[in-house]
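Asker: sequence and predicted structure, then a few things I'm wondering about:
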Amino acid sequence: MSTEMFAKTPMEVAVYQLHNFSISFFSSLLGGDVVSVKLDNSASGASVVAIDNKIEQAMDLVKNHLMYAVREEVEILKEQIKELAEKNNQLERENYLLKNLASPEQLEKFQSRIPTDVLLDNQSAQVTQDQQQQQQQQQQQQQQTCNHSSGSAV
């Protein structure tokens, strides 16, 4: 009698279907030909190794593509940072030069033109930073207090 006549367990059928799906899916990713493998008890170990190898190849391919995309994005961001830093330096130099060339009356007149909401925003930002620093200091003090009190007495 042939082995084809014996009923396969649901687990064997599921493994066979997963195996065929995995090979066809990963072969299409890798651009290879689809390999059809018959499932029998002697070849099941080899087919699992083959599946693992295909999965590993596909994961390496995905990793390589992601790394390439990330490197490209990092280069673009580095270039943008460089351009923004240069522009910032140029604007700071211009600002410094204009402040030095302006008379005290011109500076006073200019500052009177600045909307009060801009000044208030700058002041509130400073207050917020001060509050954050105070909170951080309090947290550090609490952590230090907890560390000292959690020590065991000998």
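Answerer: All right, it came through fine.
Asker: any idea how far Asn64 lies from Val70?
Answerer: According to CB to CB, to the nearest Å, Asn64 and Val70 sit 11 Å apart. Just so you know, the C-beta spots here come from the backbone N, C-alpha and C atoms, and that holds for glycine as well.
Asker: low pLDDT regions in the chain?
Answerer: Within the chain, the segments meeting pLDDT under 70 span 1-43, 116-128, 143-154.
Asker: select the longest helix from this structure.
Answerer: Ranked by number of residues, the top helix in the chain under DSSP state H is helix 44-101.
Asker: what sits up against whichever helix or strand comes after it?
Answerer: Proceeding N to C from helix 44-101, the next assigned helix or strand is helix 104-113, under DSSP states H and E. Contact partners of helix 104-113, identified using CB atoms under 8 Å, 6 or more residues apart in numbering, comprise Lys99, Ala102.
Asker: by how many degrees do helix 104-113 and helix 44-101 diverge?
Answerer: 130 degrees (axes from the mean of the first three to the mean of the last three CA atoms, to 10 degrees).
Asker: could I have helix 104-113 exported to PDB, CA atoms only?
Answerer: Extracted C-alpha coordinates of helix 104-113, given in PDB (Å, rounded to 0.1, in the frame of the first residue of the first chain):
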ATOM      1  CA  PRO A 104      19.700 103.500  22.000                       C
ATOM      2  CA  GLU A 105      16.700 105.500  20.700                       C
ATOM      3  CA  GLN A 106      16.200 103.100  17.800                       C
ATOM      4  CA  LEU A 107      16.400 100.000  20.100                       C
ATOM      5  CA  GLU A 108      13.900 101.500  22.500                       C
ATOM      6  CA  LYS A 109      11.600 102.400  19.600                       C
ATOM      7  CA  PHE A 110      12.000  98.800  18.200                       C
ATOM      8  CA  GLN A 111      11.200  97.200  21.500                       C
ATOM      9  CA  SER A 112       8.100  99.300  21.900                       C
ATOM     10  CA  ARG A 113       6.800  98.000  18.600                       C
END
